[in-house]
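In: sequence plus the predicted model coming up.
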Amino acid sequence: MELQAILHKVQWKDLKKLSTLEMLIENNISVPWLIASLFCAWKGWYLAALPFSAFYFLTALRQVHNGFHNSLGTNKFLTWLTLYLNSISMMASIHAVKFNHIRHHKYCLSEEDYEGKSASMSWYGAILYGPVHMFLIHKITLKHANKNYVRNVWLEMISIAVVTTVIIWLKIPFLIYHIIVMVIGELLMAFFAVWTVHHDTHEQPELARTQRGGIKNWLTFSMFYHLEHHLFPAVPTIKLPELAKRLDECIPELEKKTTF
């Protein structure tokens, strides 16, 4: 089925609007996990901190991803602030990630899609490619983005460097732990955020992989409804389960490749 036929058949525009509760959830979903992670690390319980750190990284990614598409329900400054603060806590310039993610939607899996390069690799190749992926994300933004993007990327990278230097200089163990875990998370982005949802979809790049099943989507905070996201990127993550239901009802014959 042609993409335009899908877009016209599914009712989705009402899903763009967030209630006050939904807006609060989308803008604060990562906070409890960050607090739990830092508390456990502060107490020296590093193994206990790891799952909380992983859930923080995942929910922070969900939060900034909604920010990329102006789907947090907040004004321009608060959305910018979300991206800036999460840059410092996630150890990467989120505006650099945003620039490449918007290009990813425009040039999905083509030569111009630098975010999507790992989709054509093997799973282990995507993991090994992780450091190159993160380097290119920043390099491409500084080379091709407009002045606002470049200014934000430099601000975020300098802020990260300053915060990291202070933490290491003061020798704060639980924050050093956080930095290490976040860097590892960033180095795995090419696998988790790209390969898992786009491998073997090059024939129809707009039809990304997706995930069905309540438990799996609950554990991944609805981040693997990627087919739905690519078809309707303006829909906030919290509304993707409803969008998936509508898609299944309207176009049951649509091929849905599973994420995992």
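Out: Perfect, I can see it now.

In: endpoints of stretch 210-225, how far apart?
Out: With Cα to Cα, to the nearest Å as the measure, stretch 210-225 spans 5 Å from end to end.

In: and T258, backbone torsions?
Out: Per-residue torsions, T258: phi -80, psi 140 (degrees, to the nearest 10).

In: check S30 too.
Out: The phi/psi pair for S30 (degrees, to the nearest 10) reads phi -90, psi -20.

In: now for it: which residues touch it?
Out: Residues near S30 by Cβ atoms under 8 Å, 6 or more residues apart in numbering: Y56, T59, A60, R62, Q63, N86. In this view, the C-beta of every residue, glycine as well, is placed from N, C-alpha and C.

In: if we go to 6 Å?
Out: Residues near S30 by Cβ atoms under 6 Å, 6 or more residues apart in numbering: Y56, T59, A60, Q63.

In: show me where the stretch 101-250 of the chain has its helices.
Out: 123-128, 130-144, 147-170, 173-187, 189, 196-198, 214-219, 226-231, 240-250 (DSSP state H, counting those that start in this stretch).

In: dump these into TSV; add mean pLDDT as well.
Out: Compiled in TSV, these are given as follows (pLDDT from 0 to 100):
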stretch	mean pLDDT
helix 123-128	98
helix 130-144	97
helix 147-170	98
helix 173-187	98
helix 189	97
helix 196-198	97
helix 214-219	89
helix 226-231	95
helix 240-250	93
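
In: so which of the ones you listed comes closest to V31?
Out: V31 sits nearest to helix 173-187 of all those, at 14.3 Å, using Cβ to Cβ.

In: that closest one: which residues count as buried?
Out: Buried residues in helix 173-187, counting neighbours by 16 or more other Cβ atoms under 10 Å, are found at F174, L175, Y177, H178, I179, V181, M182, V183, G185, E186, L187.

In: which of the residues you listed sits closest to K117?
Out: Taking Cβ to Cβ as the measure, L187 is the one of those closest to K117, at 14.8 Å.

In: isn't that closest one right up against Y129?
Out: No - counting by Cβ atoms under 6 Å, L187 stays clear of Y129, with 9.6 Å between them.

In: which residues do these two both contact?
Out: Among the neighbours of L187, none is also in contact with Y129 (Cβ under 6 Å, 6+ apart).

In: excluding covalently adjacent residues, which one is nearest to V194?
Out: S118 (4.8 Å; Cβ to Cβ, 6 or more residues apart in numbering).

In: and I88, how many neighbours?
Out: Neighbour count of I88, defined by other Cβ atoms under 10 Å: 17.

In: okay, and it sits in which element?
Out: For I88, the enclosing helix or strand under DSSP states H and E is helix 76-90.

In: next, the angle from that helix to helix 173-187.
Out: 100 degrees (axes from the mean of the first three to the mean of the last three Cα atoms, to 10 degrees).

In: would you mind extracting the C-alpha trace of helix 76-90 into PDB?
Out: Extracted in PDB, the C-alpha atoms of helix 76-90 (Å, rounded to 0.1, in the frame of the first residue of the first chain):
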ATOM      1  CA  LYS A  76       9.800  26.600  22.600                       C
ATOM      2  CA  PHE A  77      12.100  27.500  25.500                       C
ATOM      3  CA  LEU A  78      11.000  24.700  27.700                       C
ATOM      4  CA  THR A  79      11.500  22.200  24.900                       C
ATOM      5  CA  TRP A  80      15.000  23.700  24.300                       C
ATOM      6  CA  LEU A  81      15.700  23.400  28.100                       C
ATOM      7  CA  THR A  82      14.700  19.800  28.000                       C
ATOM      8  CA  LEU A  83      17.200  19.100  25.200                       C
ATOM      9  CA  TYR A  84      20.000  21.100  26.900                       C
ATOM     10  CA  LEU A  85      19.600  19.500  30.400                       C
ATOM     11  CA  ASN A  86      19.400  16.000  29.000                       C
ATOM     12  CA  SER A  87      22.500  16.700  26.900                       C
ATOM     13  CA  ILE A  88      24.500  17.200  30.200                       C
ATOM     14  CA  SER A  89      22.900  14.200  31.900                       C
ATOM     15  CA  MET A  90      23.200  11.900  28.900                       C
END
